[in-house]
Structure formats: structure tokens, C-alpha cells
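J.: Just a sequence and a predicted model for now, questions to come.
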Amino acid sequence: MNSAALTPRSWLLLVALFAIVFASRVPFLDAGYGKHADAWRVARTARTLATTSDYQPSRPPGFPVHEWLAAGVWKWREIGLNGLSAAASAAACVLLALYARKVGCRDWPLLGLALAGLPTFYVNSVTSKDFPLTLALLLGSYL
């Protein structure tokens, strides 16, 4: 199973996983940038990048990939920035499931759902922080 191509059923499970994870975050996308100061600094950096093209890292050493992506969706305020995190978290869950499938885990879709339900991951995926995107990029590099 680990080297087999994705079947139509596997594709359907992956799409459903992404949709379920993203949909579970939608009610919280307009709740503000988050309580943590880092989330507000990301929003400030995104605004600065979007309006002046001047890059000032949100915190050392910075995460230019996330901050440039955030600048691209900044005009939608918290819905855009939190939506970016929600989409990245859904992608991270899909990528973890794909990796688990690759290494032979039988219940690989459930592993993606398990990650989605972790409280710390859930909270960080509905704020404008960079952790979900970092995890998605890391998991993508494993594939």
C-alpha cells in the first residue's frame, strides 16, 4: 500500500478530510487575530508589506513565506489571515494522512483527523500565526 498510487477512493477521502478540517474552522475566522501578541505582529507585518512593500519581520528571525502570503490576503483582515491559517492546517492534516499512508498506516485518514482535533493545533489554526503553515511545509517536505 505504501507505494501504490492514490485510488479514486483515497482522493475522495483526502478531499473530504481537507473540507472537514477547513469547515470546522470557518465559524472562528472572524473572531479577531488571536490573543497571542505574535498573531497581531503578523497582522501588522502583513499590513506593512501590503501597503508599503517594506518587509519588517513580525519577530526574529521572521518567516518571510508566511508573512508574504499574509500580505496577499491582508485586505480581508482577520478572515483572510485566519483563513490562511485554517487552509494551512487543513493542508497539514492532509499531508500527515498522505505520509501515514505512504509508510503503511491502515487508518491514515483518522490520523489526519486526530491532528485536526488536537486543542493546541486547533487554536493555532484559527488565529493569524504561522505554526500551521510551518507544519504543512514540514510535512510536505517528508513526501
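T.: Ah, there it is.

J.: Please count neighbours and contacts with C-alpha atoms only from this point.
T.: Will do.

J.: Leu143 - nearest residue in space that isn't next to it in sequence?
T.: Excluding its sequence neighbours, the residue lying closest to Leu143 (Cα to Cα, 6 or more residues apart in numbering) is Tyr99, at 6.4 Å.

J.: just checking, the one you found touches Tyr142?
T.: Yes - checked against Cα atoms under 8 Å, the pair Tyr99 and Tyr142 is within contact range at 7.2 Å.

J.: of these two, who's got more company?
T.: Regarding Tyr99 and Tyr142, a neighbour count based on other Cα atoms under 10 Å identifies Tyr99 as having more, with 20 against 10.

J.: Quick check: which element contains that one?
T.: Element membership for Tyr99 (DSSP states H and E) is helix 77-102.

J.: my guess is Ser85 meets Thr134, correct?
T.: No - with contact defined as Cα under 8 Å, Ser85 does not reach Thr134; the gap is 10.0 Å.

J.: In terms of neighbours, single out the busier of these two.
T.: More neighbours sit around Ser85 than around the other of Ser85 and Thr134, counting by other Cα under 10 Å; the figures are 28 against 18.

J.: In contact with the more buried one, which residues are there?
T.: Residues touching Ser85, when contacts are defined by Cα atoms under 8 Å, 6 or more residues apart in numbering, comprise 124-130, 132-133.

J.: Ala116: which of those residues is nearest?
T.: Ser125 (9.0 Å; Cα to Cα).

J.: wouldn't that closest one be in contact with Ser89 here?
T.: Yes - with contact defined as Cα under 8 Å, Ser125 counts as touching Ser89 (5.7 Å).
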